[in-house]
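> Show me how the following folds:
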Amino acid sequence: MRVRFALFLHKYRKAMQVLSRINQQFLFPRELVKAHYHQKVPSDFSQAFREPGFDGTVGVPSLYTAELPGILDWLHQMKAPDILEEKPCITPLLLYEGDLCFDRLLFHYEGNFQSAQLIRRFVELFELVIKNSNATIISPSFIPKSKMKEEQDLIQLITKSTAETSFIKFNFNRIGDFWSYAVKHECTLLVTAKNYQADLAKILFHFYKGGMWYNRLAFYLAM
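Alright, predicted model coming up:
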């Protein structure tokens, strides 16, 4: 019994050290961040992701979640919005408001390998959750011929992983364009890169609780 308790205590302390290093990356209040360690997010994630608990897992989380209203209230206490992480890490961050819903996904594909990898990792992580989702992929109107196969492979992957998939080519070059599209079409999750987090923070800062605000939209940001 003592050996098992000592082992648990050792794992707990190591995990707390990991979480301490993790929390140092975020500029917003640490208590809003929750770490998850799933290799594949369970199918009931939308209902269970808020539940407290510690499973003894040690290592880098596979996902962080944070409440968007709390973060935006914090941003509104500042003179100007700032980035959400000092040094964006490889672990994805999912910002949500109210209920978390995967019904209508919007994928931001930039026409490059990094963007494709980001989307592939999202699909792998949420494979059990998005089987009944409707997905839209927005891709640049022009991509190099060398990237066309990558684009087609990505479309096929999402088509196989979701219930319905649409593919659109737009010359969107700002995260605000994707946010506006997501709001207009009532998407529930925008999948995009952490490179846009500063611009996204500014958009959310200015439109929070305004006429265009859509509180069902969550954001998945990753490297």
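
> what about stretch 109-123, distance to the chain center?
Between the centre of stretch 109-123 and the centre of its chain there are 13 Å (CA atoms, centre = their mean, to the nearest Å).

> wait, what's in contact with Phe170?
Counting by CB atoms under 8 Å, 6 or more residues apart in numbering, Phe170 touches 138-141, 177, 181. Heads up, the C-betas are built off the backbone N, CA and C, glycines and all.

> And it, how far from Tyr37?
36 Å (CB to CB, to the nearest Å).

> Just the helices from the chain, written as ranges.
Secondary structure of the chain by DSSP state H: the helices cover 2-23, 45-48, 68-75, 113-125, 148-161, 175-184, 197-207.

> Model confidence at the spatially closest residue to Leu154 that is not a sequence neighbour, what's the number?
Using CB to CB, 6 or more residues apart in numbering and skipping residues adjacent in sequence, the residue nearest Leu154 is Ala116, 5.4 Å away. Note on Ala116: pLDDT of 96.

> next one: Ile143
89.

> Distance of it relative to Lys149?
Counting by CB to CB, the gap from Ile143 to Lys149 is 11 Å.

> Looking at the two, which one has more neighbours?
Neighbour count, other CB atoms under 10 Å: between Ile143 and Lys149, Ile143 has more, with 16 against 9.

> Report how many residues lie close to the nearest residue to that one once chain neighbours are set aside.
Once flanking residues are discounted, Ile143 sits nearest to Gly111: 3.9 Å by CB to CB, 6+ apart. For Gly111, the tally of surrounding residues (other CB under 10 Å) stands at 17.

> Surely Gly111 is in contact with Lys147?
Yes. The pair Gly111 / Lys147 is scored as a contact, 5.6 Å apart, by CB atoms under 8 Å.

> still on that earlier bit, got a pLDDT number for the residue nearest to Ile143?
For Gly111, the predicted pLDDT is 93.

> Pull the contacting residues for it.
Gly111 sits next to 139-140, 143-144, 147, 151 when contact means CB under 8 Å, 6+ apart.
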